[in-house]
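> one predicted model, sequence on top.
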Amino acid sequence: MKYLKITAILLVISTICFAADKNKHPAEFKIQITGGRDKILIICDRELVPIFGAVAETSAPKDSSLAYTVSTSLPKDWAEQLADGKIQVVCTAKPLTKKEKELVSGKKLAYLALAVVVAGTSPVKNLTARQVTGIFCGGINDWSLVSKLKGGIIPFKLPDNSPLTTILRKKFLKKHGFPRNMITFANSSEILLSVENNPRGIGYINLIDYIDNSTGHRNFRKIKIDGIEASAKNVRQGKYPYVRTYSIYTGKKNKKETTEFVKHLTGGSGKFRIQKYKLILPK
């Protein structure tokens, strides 16, 4: 079967996936690329679908008999299936058990890093992790409790299904929840604009949005947490822990096509797409 050029379709499907109800998380999402008999099954975390779909679409040769499938449904025994060749590639931020580590080969692919931001005029330059937890769970509601600034704290958050919100929950809130009346914005740009215009505001964004500063906003700054600066260097060195680390895994013995796909993903073209989706490369 001839290779199907489905770039446009891929983009449409990805858009539909991410434009879905923000309170719902589809159990499985698939993109089928070509209809060949030799199957390459790729499973990745939901937010990585556009990257993996695009790389699969461009890495298959035009006369390929391969059937690439990009899915978000990770079975419980994924490591065993990876070792047995039933699954070819897995990319996830999920921590591995000791048994899973013994069955697969893996390496870090990218990082998603969270940065806490305040207005540029704010005197707040550093907060402890406990203080950040208190602010976003509602336990600390006045700046005078943690700084020289006076007045009520106005925290801003991203949607519940944002990977950055997942980082905040796991690293800071843990068993705590957000207050019901907390203001929610759709993306980092909206949070930056709100923080910029409110000296009592505080929010969290993608670190890359701060580094690139492509939003046009200027009057804001990131704060240190426990004295550690949010920077790409500190993320790569493991000094800044408020990140989501994506690793790519394969079986110990792989098909040639699997090896080529991973090479394509971690090469120039794949790195370009990873950076395009605002992730930090390991190097």
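Great, that's in hand. Here the structure is a predicted model, which is why all the values come from computation and not from measurement.

> residue contacts, residue 112?
For residue 112, the contacting residues are 47, 93, 163, 164, 167, 206, 243, 244, 246, 278, 279, 280, taking Cβ atoms under 8 Å, 6 or more residues apart in numbering as the criterion. Placement of C-beta: from N, CA and C, glycine included.

> now for residue 171, how many residues are close by?
The criterion is other Cβ atoms under 10 Å. On that basis, residue 171 has 17 neighbouring residues.

> that one and residue 242 touch, don't they?
Yes. Residue 171 is within contact range of residue 242, at 5.2 Å (criterion: Cβ atoms under 8 Å).

> what is in contact with those two at once?
Taking Cβ under 8 Å, 6+ apart as the contact definition, residue 171 and residue 242 share the neighbouring residues residue 114.

> okay, buried residues for the helix or strand where residue 40 lies please.
Using DSSP states H and E, residue 40 sits in strand 38-44. Across strand 38-44, burial judged by 16 or more other Cβ atoms under 10 Å covers 40, 41, 42, 43, 44.

> stretch 42-62 now?
The neighbour-count check on stretch 42-62 (16+ other Cβ under 10 Å) flags 42-45, 47-57, 59-60 as buried.

> ok but residue 204 is inside a strand, no?
Yes. Per DSSP: H, G, I helix; E, B strand; the rest coil, residue 204 lies within a strand segment.

> so how far is residue 168 from residue 272?
As defined by Cβ to Cβ, to the nearest Å, residue 272 lies at a distance of 28 Å from residue 168.

> my bad, residue 142
21 Å.

> with residue 53 instead?
Here the criterion is Cβ to Cβ. By it, residue 53 lies 27 Å from residue 168.

> which of the buried residues of strand 38-44 lies closest to residue 256?
For the buried residues of strand 38-44, the residue nearest residue 256 by Cβ to Cβ is residue 40; the value is 10.9 Å.

> could you pull out the strands for the stretch 51-200 of the chain?
Chain-ordered strands for the stretch 51-200 of the chain, with DSSP state E, counting those that start in this stretch as the definition, fall at 66-71, 89-92, 104-119, 126-127, 154-157, 183-184.

> quick one: closest of those to residue 253.
It is, among the strands of the stretch 51-200 of the chain and with distance given as Cβ to Cβ, strand 104-119, at 9.3 Å.

> now do that closest one, average pLDDT.
Here the mean pLDDT over strand 104-119 is 96, rounded to a whole number.

> and it, C-alpha only, in CSV?
Once non-C-alpha atoms are left out, strand 104-119 reads as follows in CSV (Å, rounded to 0.1, in the frame of the first residue of the first chain):
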residue,chain,number,x,y,z
VAL,A,104,13.4,-1.9,28.7
SER,A,105,16.1,0.5,27.4
GLY,A,106,15.5,4.2,27.8
LYS,A,107,16.8,7.7,27.8
LYS,A,108,15.6,11.2,28.6
LEU,A,109,13.9,12.9,25.7
ALA,A,110,12.7,16.3,27.0
TYR,A,111,11.6,18.3,30.1
LEU,A,112,8.6,20.5,30.7
ALA,A,113,9.5,23.0,33.4
LEU,A,114,7.2,25.1,35.6
ALA,A,115,8.2,28.7,36.5
VAL,A,116,6.4,30.7,39.2
VAL,A,117,6.0,34.4,38.2
VAL,A,118,5.1,37.7,39.8
ALA,A,119,4.9,41.3,38.6
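
> buried residues in it?
Residues 104, 106, 109-119 are the ones in strand 104-119 that count as buried (16+ other Cβ under 10 Å).

> what does stretch 225-240 give?
Of the residues in stretch 225-240, those scored as buried under the neighbour-count criterion (16+ other Cβ under 10 Å) are 225, 230, 231, 234, 235, 236, 240.
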